[in-house]
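Peer 1: what's the 3D shape of this:
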Amino acid sequence: MDTINIKLSNGKFICADESMNNKIIANKVHAQTWETFIMILTENNKCILKSHLNNFWSLNVETDEIEASAKNINSTEVFDIIYLDDKQFHLKASNGKFITIDQQTFQLKATSKIRDES
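Peer 2: Next comes the predicted model:
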């Protein structure tokens, strides 16, 4: 279990934005409480992420949005982690798609069939 802050290629930190129903957004300049997560590594290059409110990251299967809303761990709360090096990684959601950033809303969504630089 590691406490982490995640910075995307847009130079912004990811946060679980309480004002947006805990949607995962990449629009913060500094990493503070909302931008701090616990990453739990499991077997077979899988991980679970937990927000500062003790909610788990979850794939909303209706919208493909990533939210920190789950109280329990099911398949939609487990992500594949693909390491690029010791500090960079990509995440793939349970729908089989990579997590990327919506360039207009800065919200994380699992919509990409290929890894991109987000």
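
Peer 1: hey, let's count contacts and neighbours off CA atoms from now on
Peer 2: Noted.

Peer 1: I'd guessed N45 sits against I81; true?
Peer 2: Yes - using CA atoms under 8 Å, N45 makes contact with I81 at a distance of 5.5 Å.

Peer 1: the more surrounded of these two?
Peer 2: Legend: neighbour count by other CA atoms under 10 Å for N45 and I81, higher for I81 (19 against 11).

Peer 1: which helices and strands does the strand or helix carrying the more buried one pack with?
Peer 2: Using DSSP states H and E, I81 maps to strand 79-83. Applying 3 or more CA pairs under 8 Å, 6 or more residues apart in numbering; DSSP states H and E, one finds that strand 79-83 makes contact with strand 46-50, strand 89-92.

Peer 1: Okay, angle between it and strand 46-50 too, please.
Peer 2: In terms of direction (axes from the mean of the first three to the mean of the last three CA atoms, to 10 degrees), strand 79-83 departs from strand 46-50 by 110 degrees.

Peer 1: distance between strand 79-83 and the chain's centre?
Peer 2: 11 Å (CA atoms, centre = their mean, to the nearest Å).

Peer 1: what are the pairing partners of it, and which direction each?
Peer 2: Using DSSP bridges, the strands paired with strand 79-83 are strand 46-50 (antiparallel), strand 89-92 (antiparallel).

Peer 1: so how far is F56 from N74?
Peer 2: 10 Å (CA to CA, to the nearest Å).

Peer 1: more crowded one of these two?
Peer 2: With neighbours defined as other CA under 10 Å, N74 and F56 compare such that F56 has more, 25 against 11.

Peer 1: who touches the more buried one in this structure?
Peer 2: By CA atoms under 8 Å, 6 or more residues apart in numbering, the residues touching F56 are I48, L49, K50, A68, S69, A70, K71, N72, I73, E77.

Peer 1: ditto for S94
Peer 2: Counted by CA under 8 Å, 6+ apart, S94 has contacts L59, S75, T76, E77, V78, F79, D80.

Peer 1: now the last one: how far from K28?
Peer 2: Looking back up the chat, that one is D80. In terms of CA to CA, D80 sits 24 Å off from K28.

Peer 1: cool, and the third one?
Peer 2: Separation of T76 from K28 (CA to CA): 25 Å.

Peer 1: That'll do, ta.
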